[in-house]
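Student: structure of the sequence below:
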Amino acid sequence: MNKRNIIVYVAGPYRGNISHNIDIARVHAKEIWKAGYTAICPHTNTAYFDNIIEDDEFLIGDIEILKRCDCIYLLPDYWKSSGTKEEIKIALQNLTPIFLFSQNWDKDIYNHFKRKENENKNPDSR
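Tutor: Modelled structure (predicted):
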């Protein structure tokens, strides 16, 4: 399994303390890249684009990106964000795996996709 082929969507608060929230998301996205995965971080994709379009338009675009990702990674304080709650709803509807920030996030993601890979190789083992 090539971890780099797994696209991880980083989800968490943006509004409020925008600079702080972007920094938090950036730190986590860097860790995801360093662990060998591919990170998509909407916080840095549209950092400081405030007021060029309505906030809802950014969320619509982010959800389209999320639909193309393999899993969603929830940042600390994710529950404070109405946008993240919508992203979680979409992930659940699309059966996109959701991973919470934790000490074992890398192992959790790896094990999930390794198990899925093994199931695809041996469909009778389900």
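Student: how about the closest residue to residue 46 other than its chain neighbours, what does it touch?
Tutor: Of all residues not flanking residue 46 in the chain, residue 58 sits nearest, at 5.7 Å (CB to CB, 6 or more residues apart in numbering). (Each C-beta comes from the backbone N, C-alpha and C, glycine too.) If you count contacts by CB atoms under 8 Å, 6 or more residues apart in numbering, residue 58 has them with 42, 46, 49.
Student: tell me the one of these nearest residue 24?
Tutor: Set against residue 24, the nearest of the contacts of residue 58 by CB to CB is residue 42 (12.9 Å).
Student: tell me who's in contact with the closest residue to the closest one other than its chain neighbours.
Tutor: Residue nearest to residue 42 in three dimensions, not counting chain neighbours: residue 62, with 4.5 Å by CB to CB, 6+ apart. Residue 62 makes contacts with 42, 83, 87, as judged by CB under 8 Å, 6+ apart.
Student: in which helix or strand does residue 62 reside?
Tutor: helix 55-67 (DSSP states H and E).
Student: buried stuff in that helix?
Tutor: Buried residues in helix 55-67, counted by 16 or more other CB atoms under 10 Å: 58-59, 62-63, 66.
Student: and for stretch 12-29?
Tutor: Under the neighbour-count criterion of 16+ other CB under 10 Å, stretch 12-29 has 12-14, 21-22, 24-26, 28-29 buried.
Student: can you give me how far it is from the chain middle?
Tutor: From the chain centre to the centre of stretch 12-29 is a distance of 13 Å (CA atoms, centre = their mean, to the nearest Å).
Student: who's in contact with that stretch?
Tutor: Stretch 12-29 is contacted from outside by 10, 39, 41-44, 47-48, 50, 55, 73-78, 80-81, 83-84, 101, using CB under 8 Å, 6+ apart.
Student: could you turn the buried ones of these into a ChimeraX selection?
Tutor: This is how ChimeraX selects the buried members of the contacts of stretch 12-29, with burial counted by 16+ other CB under 10 Å:
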select :10,39,41,42,43,44,47,73,74,75,78,81,83,84,101
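Student: number of nearby residues for residue 113?
Tutor: Neighbourhood size, residue 113 [other CB atoms under 10 Å]: 19.
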